[in-house]
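[1] A structural model of the following input is requested.
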Amino acid sequence: MTDEDMHAPENTQAPPANPALDNLGRLVGKWEVELAFPSDPSNKMHAQVAFDWLEGGAFVIEHFATSTWIIGPDDSNETCSVLYHDERGVSRIYQMSLDHATWKLWRNSATFSQRFEGKFSDDENTITARWEKSFDGSTWKHDFDLTYSKVK
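    Numbering: from 1, shown residues only. Prediction:
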């Protein structure tokens, strides 16, 4: 690297939006989320969630309470990969699909698998969802329910 290279201006132009992420645009914005656990459905938790475009539309980033999710497509198929991290130091990689009515996330691991399914309302302002977990990959247990309500 020459001295001239070290002082060359950085490319500050954002990358073009990724057409594979067009479908994710309906997630972008602010949402109120209600969580309910099957062990005590009356004890509901509330959180705010924000989905934003990242890198000029190359990715979507989700901030959910103390966790961060970065969503990016695989050009070779209809799924996305999701990088997850939270304040506990937990890091996971999920696969994701999103069609006109259903949003799915899943993670298959020998010791702890998870799956999520959310259904959009007709006006796309509500998502009714649930998480399930498995410690052996075959026996699934309902973990908790979520209801996303779009704020803006």
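[2] How far off centre is stretch 107-125?
    Here the centre of stretch 107-125 is set off from its chain's centre by 9 Å, with Cα atoms, centre = their mean, to the nearest Å.
[3] Actually, stretch 126-146.
    With Cα atoms, centre = their mean as the basis, the mean position of stretch 126-146 lies at 15 Å from the chain mean.
[4] do the same with stretch 42-55
    For stretch 42-55, the distance to the chain centre is 10 Å (Cα atoms, centre = their mean).
[5] Tell me which residues of that stretch come out buried.
    Across stretch 42-55, burial judged by 16 or more other Cβ atoms under 10 Å covers 49, 51, 53-54. From N, CA and C alone the C-beta is placed, and that goes for glycine too.
[6] Redo these as JSON lines? Include distance to residue 119, secondary structure and pLDDT.
    What follows is the buried residues of stretch 42-55, written out as JSON lines (distance: Cβ to Cβ, whole Å; DSSP: H, G, I helix; E, B strand; the rest coil; pLDDT from 0 to 100):
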{"residue": "49", "distance to residue 119": "17", "secondary structure": "strand", "pLDDT": "96"}
{"residue": "51", "distance to residue 119": "17", "secondary structure": "strand", "pLDDT": "95"}
{"residue": "53", "distance to residue 119": "24", "secondary structure": "strand", "pLDDT": "92"}
{"residue": "54", "distance to residue 119": "26", "secondary structure": "strand", "pLDDT": "91"}
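[7] Need those residues in JSON lines (columns: distance to residue 76).
    Formatted as JSON lines, those follow (distance: Cβ to Cβ, whole Å):
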{"residue": "49", "distance to residue 76": "29"}
{"residue": "51", "distance to residue 76": "24"}
{"residue": "53", "distance to residue 76": "22"}
{"residue": "54", "distance to residue 76": "21"}
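[8] ok, so of those residues, who is nearest residue 104?
    residue 51 (16.2 Å; Cβ to Cβ).
[9] Confirm for me that the closest one is in contact with residue 28.
    Yes - using Cβ atoms under 8 Å, residue 51 is in contact with residue 28, at 4.8 Å.
[10] Now do the shared contacts for the two.
    Common neighbours of residue 51 and residue 28 (criterion: Cβ atoms under 8 Å, 6 or more residues apart in numbering): residue 60.
[11] count of neighbours near residue 27?
    Neighbourhood size, residue 27 [other Cβ atoms under 10 Å]: 22.
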